[in-house]
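need the 3D shape of this:
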Amino acid sequence: MNLGFIIMIILAVFFPLVIIFYPGKGILSRWRKIKSNSEKIYLEDALKHLFECEYNSTDCSLNSVSGFLAVSHTQASKIILKLVEIGLAKRTGSKINLTASGKSYALRIIRIHRLWEKYLADNTSIKEEEWHKLAELEEHKLTEEEANRLAAKLGNPLKDPHGDPIPNDIGELPEQKGLELSQLSEGELAKIYHIEDQPKEVYSQLTSLGLFPGMIVRLIEKNKDNIKIELEGEEVILSQLLSFNINVVPIEESEEVFEGFELLSNIEEGEEAVIMALSKALRGQQRRRMLDFGIVPGTTIKARLKSLSGNPTAYELRGTTIALRKNHSDKIFIKRKNTI
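This is a model prediction of the structure:
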């Protein structure tokens, strides 16, 4: 048997073993890392669920953890047992609660999630419906130091784009106070402070109707099936199911409202108006683009030319002519010169 043949046999036997068992880079090491990451994600998601239960004063159980994580009862039981073993949760009968350490850990994950959603809203053109899913991926990756750098880059925001409070770097979470939209009395004014982003299908319907945190609404009429509201000069009808995902804070008549304002899209060629406010629906890159154009409160703007279809329209402001599509001019509030 020659040497070359022996070497080939050795390679045939040992090379696959090297591929499998090589420290750090072998198949086994990579599989363990994947398994470890998967376990970490399950544990962190379970912590978030436990925190949400306590925050909303509801009980957490094996059933709720299993349902939230979409795993079997057996797997959910193992996840809970692991959290108890490492001191992040405790069990009292069928109830499961966070320890102080578990609450701190959960708030760190929630902080990263909400900061990432804020980043996506303000710095990208990604659709609102995708923010939650993308943030769920990043919340398990970013370190605490990276989260603090992201917060500083964003100006240490207090709320995410849905109106949820963002925990600070020492785990403090501002208390939210408010009502469900349906709890308002007819004729009452309120400001939207939170729109629940799950389930995704319901959130998509709400954003398509133009509802966003910070907007002023007036409840016009309600019955057992629907709610009619006035939203920035327009009437909107919501089902009771949709209204459950909207939380508001009642406000006084003297606070900022859009009564008496018109939409920029309403003025005709040659008419002048003064910009009074930008809708809260203009966010992120769209809002910055409007500000870069000089579309700020107090600026005089004039409709110069409308296309045959009426969309877009050319406007003049500060010696410059710009073209705006109706979906943008519908979100700019003005007062005509002759009404000021």
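
show me the strands in the stretch 51-200 of the chain, by range?
Assigned by DSSP state E, counting those that start in this stretch, the strands in the stretch 51-200 of the chain fall at 89-92, 95-98, 179-180, 189-195.

nearest to residue 112, of these?
strand 95-98 (17.4 Å; CB to CB). Every residue, glycine included, has its C-beta placed from N, CA and C.

give me the distance between residue 101 and residue 107.
11 Å (CB to CB, to the nearest Å).

name the residue in those two with the higher neighbour count.
It is residue 107, of residue 101 and residue 107, that has more neighbours when counted by other CB atoms under 10 Å, with 21 against 12.

ok, now which ones touch the more buried one?
Listed by CB atoms under 8 Å, 6 or more residues apart in numbering, the contact set of residue 107 reads 51, 167, 171, 173.

ok, residue 80 next?
Contacts of residue 80 (CB under 8 Å, 6+ apart): 46, 62, 65, 89, 91, 96.

of the strands of the stretch 51-200 of the chain, which stretch is the most buried?
strand 189-195 (a mean of 21; mean count of other CB atoms under 10 Å).

dump the C-alpha coordinates for it into CSV.
Below are the C-alpha coordinates for strand 189-195, written out as CSV (Å, rounded to 0.1, in the frame of the first residue of the first chain):
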residue,chain,number,x,y,z
LEU,A,189,-62.0,65.9,22.6
ALA,A,190,-58.9,63.7,23.2
LYS,A,191,-55.4,63.2,22.0
ILE,A,192,-54.3,59.7,20.7
TYR,A,193,-51.4,58.6,22.9
HIS,A,194,-51.1,54.9,21.8
ILE,A,195,-52.1,52.7,19.0
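
for residue 323, name its beta-bridge partners.
residue 314 (DSSP bridges).

wait, it touches residue 316, no?
No: using CB atoms under 8 Å, residue 323 is not in contact with residue 316, being 10.9 Å away.

follow-up on the earlier one: what is the nearest of the contacts of residue 80 to residue 303?
Using CB to CB, these come closest to residue 303 at residue 46, 56.0 Å.

quick check: chain neighbours aside, which residue is closest to that closest one?
Excluding its sequence neighbours, the residue lying closest to residue 46 (CB to CB, 6 or more residues apart in numbering) is residue 79, at 5.2 Å.

farthest pair in the contacts of residue 107?
Spatially, the most separated pair among those is 51 and 171, at 11.0 Å (CB to CB).

any shared contact partners between these two?
103, 107.

which one of these two is surrounded by more residues?
More crowded of residue 51 and residue 171, by other CB under 10 Å: residue 51, with 20 against 15.

contacting residues around the more buried one?
Here residue 51 is in contact with 98, 103, 106-107, 110 (CB under 8 Å, 6+ apart).

now with 6 Å, please.
For residue 51, the contact set (CB atoms under 6 Å, 6 or more residues apart in numbering) comprises residue 106.

from residue 108, how far off is it?
From residue 51 over to residue 108 (counting by CB to CB), the distance is 11 Å.

secondary structure class of residue 321, three-state.
strand (DSSP: H, G, I helix; E, B strand; the rest coil).
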